[in-house]
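Asker: Predicted model, plus sequence, below.
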Protein chains: 4
Amino acid sequence: MIVVMDGKTSESHQQKITEKLNEMGYQVHTIKGERKIVLGVIGDAKTLSSIPFYTFDGVENVIPIEKPYKLASKEYKSSPTEIKVKDVVIGGEEIVIMAGPCAVENEKQIFQTAQLVKDAGAKILRGGAFKPRSSPYSFQGLEEEGLKLLAQAREETGLLIVTEVMSASHIELVGRYTDIFQVGARNMQNFVLLKELGKAGKPVLLKRGMAATLEELLLSAEYILSQGNSQVILCERGIRTFENHTRNTLDLSAIPAIKTMSHLPVIVDPSHGTGRRELISPMSKAAIAAGADGLIIEVHPIPKESTSDGAQTIDFTHFKNLMTEIELVAKAVGRTLMQKELSTEKEVS
Amino acid sequence: MIVVMDGKTSESHQQKITEKLNEMGYQVHTIKGERKIVLGVIGDAKTLSSIPFYTFDGVENVIPIEKPYKLASKEYKSSPTEIKVKDVVIGGEEIVIMAGPCAVENEKQIFQTAQLVKDAGAKILRGGAFKPRSSPYSFQGLEEEGLKLLAQAREETGLLIVTEVMSASHIELVGRYTDIFQVGARNMQNFVLLKELGKAGKPVLLKRGMAATLEELLLSAEYILSQGNSQVILCERGIRTFENHTRNTLDLSAIPAIKTMSHLPVIVDPSHGTGRRELISPMSKAAIAAGADGLIIEVHPIPKESTSDGAQTIDFTHFKNLMTEIELVAKAVGRTLMQKELSTEKEVS
Amino acid sequence: MIVVMDGKTSESHQQKITEKLNEMGYQVHTIKGERKIVLGVIGDAKTLSSIPFYTFDGVENVIPIEKPYKLASKEYKSSPTEIKVKDVVIGGEEIVIMAGPCAVENEKQIFQTAQLVKDAGAKILRGGAFKPRSSPYSFQGLEEEGLKLLAQAREETGLLIVTEVMSASHIELVGRYTDIFQVGARNMQNFVLLKELGKAGKPVLLKRGMAATLEELLLSAEYILSQGNSQVILCERGIRTFENHTRNTLDLSAIPAIKTMSHLPVIVDPSHGTGRRELISPMSKAAIAAGADGLIIEVHPIPKESTSDGAQTIDFTHFKNLMTEIELVAKAVGRTLMQKELSTEKEVS
Amino acid sequence: MIVVMDGKTSESHQQKITEKLNEMGYQVHTIKGERKIVLGVIGDAKTLSSIPFYTFDGVENVIPIEKPYKLASKEYKSSPTEIKVKDVVIGGEEIVIMAGPCAVENEKQIFQTAQLVKDAGAKILRGGAFKPRSSPYSFQGLEEEGLKLLAQAREETGLLIVTEVMSASHIELVGRYTDIFQVGARNMQNFVLLKELGKAGKPVLLKRGMAATLEELLLSAEYILSQGNSQVILCERGIRTFENHTRNTLDLSAIPAIKTMSHLPVIVDPSHGTGRRELISPMSKAAIAAGADGLIIEVHPIPKESTSDGAQTIDFTHFKNLMTEIELVAKAVGRTLMQKELSTEKEVS
């Protein structure tokens, strides 16, 4: 921690803050410059942050030097974390594709989609049963009925399931069906939910909030990790900016940036990240080229009939072409799309 | 709803979308321009939003004309909503000040603060018992112990209480103590929480999310209103922008803007809105001048010892001066600070 | 300057950077923490910024401690700068109102406006002769013809003139007519223009860029000041954010924030800052309450016939009411609107 | 143009606006909904934008339907524009790399860099002679001396040159040396400069402003195109957001988005777009995967000694590796890096 003080701060005011810090067990190094006095404070960063430095006379600025997250950091664990869910590994050499409709609507829709995304190479089926919608008047999801349909689609295809959990009180219910919990962007700082997911014993796909910095995303991961759940997958899904051509601004630099900060896998959601169907293929390729460990994509058999997010949903033909295209890019950056054989094994047997 | 189509869209493709709309009971007016075809669609706006227009060939843009919120709108209720909590009215002629520490820390701190903010003219005591903190390692609040201290401070002073509820599962507990539920910025789109608060029978202070548009804020209010709770107080507390001199950018234009869109009262949080003690007085005055119905301000007897938000917390002297200053501005815009006598009555008896 | 290095940086790599700094005449204080090494570097901040610290092994972060601007800073000059233009003082006790049309359109429009804004208490006439427009197909201004009309309106009324200069090559021409040069938001970092205005010998009204931090605004002022022109008026006119209800987000906290950083006067443009007529009165009052030294407002005799910015332009009745309202707020914060007598003197004689 | 009016607007007020529009030669279609009246206005969009719709009673919203740019649009020219500068084609199948130091510093630096980036496959040498710097105290460039060094480096290597022009008054001077004019982000809306470049007869590399929408970028291109210069190359270089881990947020979705809006080529600047050396390779690959027609990259022989932008500058080894990596990605998306033979021909002869 660096504390910057006005160069004219009196000796006694300098002493006050130094004494307080010494009392609390910190070492203080004082550097006197021309116009500023700088205190270098050494000791446990976690407790330091709770000292109200700004209330001491002369203090102008307080600059943290150490990262506020620990378990999520590369310093804590330098090798990339691989998250194994049954026979699927997220964060390894192979790139994992999650695909499916925005919302689970009915049996036919989810079964058809599951079969087709699987045939194209997806390993995980996405689909919302509980839907966070800006308006109370929009379709809010089939709830448990939707979860059951997802589980049946898993039975049929062998795909894994990822679906959103919107509240700590739903964890038990959603957990009965899903393989991976999804935390949506609006809940990235729902700390009660995060803490409970830290005890839920299943992987968590944590989406970046619309206005969240990378540091805040990692701190939210830290909430889950610090409760004992080390299976966190981060997801870049676009941030909110002034640009309104796209629904959000997909921040692909988040991928390599997080890779320098953390050991956790990072996937990208080009559907919400752009909100425009025509941008999904190029941004999927770009995400892979930037180092993403996977993608989560909205696919619907007949986008015309989807109950939500129609503008950003692609159909099967589009999805199949996309898979062919990203396979080439994956190879160009030394990665592979997962072997199709692996996941179809179950079906065959 | 306006649907803009490419001027070269074939007749049959135009028909498809028109037929779909007619089937669903909408009237369609077609306007053919030079390069664009425009469909004016008339009917119930609520169901319209679930049609996946973008998936029809030729559709380039879909523009909603009607506001997506209803109960929160000025069209629904043109007179300003006044929220009465015991003898305090929020949204009336008088400006209501809520003040207190960031977090409830101990008996002495909360009692002393309660007495002093009351003496200076505050009507409502704020104080966090459940604290949403970016880091899992920061102080998370005294929880029920904090709620009890708040309730005791209410007994002693006659002040009302406002305190944050972070999860639907805490509503029952927090509701046992508080007069007004506070929903923090990070939970503005925690829809499970909002729906439950719609049934909780107590006023809700709803803070604007860091990246929330005014329309989204009103839609979140609509979640509460549509469950039968008409007592919603909106709170501007700063949005996230590129500017980093202040913790957030306090968007005071939100006040008069909301007043043109909605009948709900609006208050301002200059403490979180600026994050800097020296900006709290000028921005409090500005908020009142812009038409705010109240303020919520962080005050601590000894900011040096506060466990959180020290940089933006003011002490009692500062608070007393602030109250004197805003009283003058309130008068200049035809408002008053609430009569001190009213709230001290109880104490006297 | 603080240089943060990885705690594992080798002694020899630490030496390299220290030697380079010593060579250049800086003192270096090294603080070794648990996971980080911190160098406190003392010496002239101006040249420090040109050392490519990040290219030295082990360097993780470089944190400037001293402000990069000097002449604009409060440390350089602690008393507020008052800018005197004939009998008008900007930055003194009195609040100065600048008003007029977006663009000068014709003789009748500008003369009528000049007379009426003067009668209502404005001291300075605004009006664009050179108009920066996003589209090359929009009206670009009357150019010199517009400047002449402004000068004639000044003759008639005794008002001062402020008008925009868009290029260094126009300074001579615009300077022949105007009393104050206006630099628009889009040109805040047109450094060639700023440098030349530093030599132009007339006050400059410098608008904040749409994405400019306060520090960058002060650095742009520094460009003018460092060329010998000390007459710089800063203008907050809204920044670009995700919120689209308003044209820009008017950042009123910029006013008191700049007052803590700089001695220069600050005015506010609520017309561009909101882009909505109905928000101009409340935001004007709020600006005054927050400590603004003046306002610049778009007024047109018949907004229906204005060639630009119709949505944010107010008519005379609106303007007169606005003046009455802000006078009350000005008094409430210990300021006054300038005496009407002073500026009408000339007319009388 | 769509004009939305309050459904309660009186017949006479509806007539007023309709009459005005008819007078001006527009056709008006009126659609009456439940709560809103919608006017569809047909005619020349260019003049429509100058009608002050908002000043008519009852008008709530005005929504443009046609794009405000024309020559830059895909509707105007559907095939991609290829810009040929000597033997280099920008916007064709081959991806063009521009590389070089932030600023030209001296003969050795620029010659060495030129030779090495050429050997690695770059076709165009970048280097600033006039430098726009936030602070007046930072190095402002070697000016004409820098231009001469660039021209000599071209002589030696056969590379083309791209360098920044900061003011209309410098066009003649810079044009004497450069092959391509660069307009920096801060000057994207310096309309005087853009207009003059429209007459300068050389290609212009137009960088997106830090807070510019894609529509505004295309309108700035339109300024150049409408003066007769059809050789405009657009450049995404990051936008300003709340995220502060990176210097800017590189908006790669701008690439495919612009490709759907315009025929102009798009390149990417990952150096300014990220501000961090370790992100340049992944974001370069991502840019190519997203469809960029080229890259502009800051390279310096000894980044430790560069006078500016050290944190984002890469050395030769890094650059060579980068070129190898992007070549693979280029192939994966059906593009090539330009043939090395072509540009070395001259050297051989």
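Answerer: All right, it came through fine.
Asker: Tell me how chain A divides into domains.
Answerer: By the assignment in automatic domain parsing, chain A contains the domains A:2-63, A:83-348.
Asker: end-to-end on the first one?
Answerer: From the first residue to the last, domain A:2-63 extends over 5 Å; the measure is C-alpha to C-alpha, to the nearest Å.
Asker: That one near chain B at all?
Answerer: Yes - using C-beta under 8 Å from any C-beta of the partner chain as the criterion, contacts between domain A:2-63 and chain B involve A:46, A:49-56, A:62. Glycine gets a C-beta too; all of them are placed from N, C-alpha and C.
Asker: With respect to chain D, which of the residues you listed is nearest?
Answerer: For those, the closest approach to chain D (C-beta to the nearest C-beta) belongs to A:V62, at 16.2 Å.
Asker: So A:L147 versus chain C, what's the distance?
Answerer: Distance from A:L147 to chain C, counting by C-beta to the nearest C-beta, to the nearest Å: 33 Å.
Asker: picking that back up, for chain D, find the nearest of the domains of chain A.
Answerer: If we rank the domains of chain A by C-beta to the nearest C-beta, the stretch that ends up nearest is domain A:83-348, at 3.8 Å.
Asker: tell me which strands and helices the helix or strand containing A:T260 is in contact with?
Answerer: In this structure, A:T260 is located in helix A:254-261 according to DSSP states H and E. Under the contact criterion of 3 or more C-beta pairs under 8 Å, 6 or more residues apart in numbering or on different chains; DSSP states H and E, the helices and strands touching helix A:254-261 comprise helix A:214-225, strand A:232-236, strand A:266-268, helix D:280-289.
Asker: list the buried ones in that helix?
Answerer: When burial is assessed from 16 or more other C-beta atoms under 10 Å in any protein chain shown, helix A:254-261 yields the following buried residues: A:254-259, A:261.
Asker: One more: stretch A:83-94?
Answerer: Burial within stretch A:83-94, assessed by neighbour count using 16+ other C-beta under 10 Å, is assigned to A:83, A:85, A:88-92, A:94.
Asker: okay if I get those residues as TSV plus secondary structure and pLDDT?
Answerer: Putting the buried residues of stretch A:83-94 into TSV (DSSP: H, G, I helix; E, B strand; the rest coil; pLDDT from 0 to 100) gives the following:
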residue	secondary structure	pLDDT
A:I83	strand	97
A:V85	strand	96
A:V88	strand	96
A:V89	strand	96
A:I90	strand	97
A:G91	coil	97
A:G92	coil	96
A:E94	strand	96
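Asker: Assumed A:E278 was part of a strand.
Answerer: No - secondary structure of A:E278, determined by DSSP: H, G, I helix; E, B strand; the rest coil: helix, with no strand assignment.
Asker: about what we covered before: can you add distance to chain B and give the buried residues of stretch A:83-94 back as a markdown table?
Answerer: Listed next are the buried residues of stretch A:83-94 as a markdown table, based on distance: C-beta to the nearest C-beta, whole Å:
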| residue | distance to chain B |
| --- | --- |
| A:I83 | 20 |
| A:V85 | 24 |
| A:V88 | 28 |
| A:V89 | 27 |
| A:I90 | 23 |
| A:G91 | 22 |
| A:G92 | 28 |
| A:E94 | 32 |
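Asker: Most widely separated two among the buried residues of helix A:254-261?
Answerer: Using C-beta to C-beta, the buried residues of helix A:254-261 span at most 11.2 Å, a distance reached by A:I255 and A:M261.
Asker: what residues does the stretch 101-250 of chain A put near chain B?
Answerer: If contacts are counted using C-beta under 8 Å from any C-beta, the residues of the stretch 101-250 of chain A sitting beside chain B are A:132-139, A:166-170, A:186-187, A:189-193, A:195, A:209-211, A:216, A:219-220, A:222-223, A:226, A:240.
Asker: which of these are close to chain D?
Answerer: Checked against chain D using C-beta under 8 Å from any C-beta, these give the following subset in range: A:A211.
Asker: which residues sit against the longest helix along chain A?
Answerer: Once chain A is assigned using DSSP state H, the helix that runs over the most residues is helix A:316-332. Judged by C-beta atoms under 8 Å, 6 or more residues apart in numbering or on different chains, the contacts made with helix A:316-332 from elsewhere in the structure are A:95, A:97, A:99, A:116-117, A:120-122, A:277, A:280-281, A:284-285, A:288-289, A:295, A:297, A:299, A:301, A:314, A:336-337, D:285, D:289, D:328-329, D:331-333.
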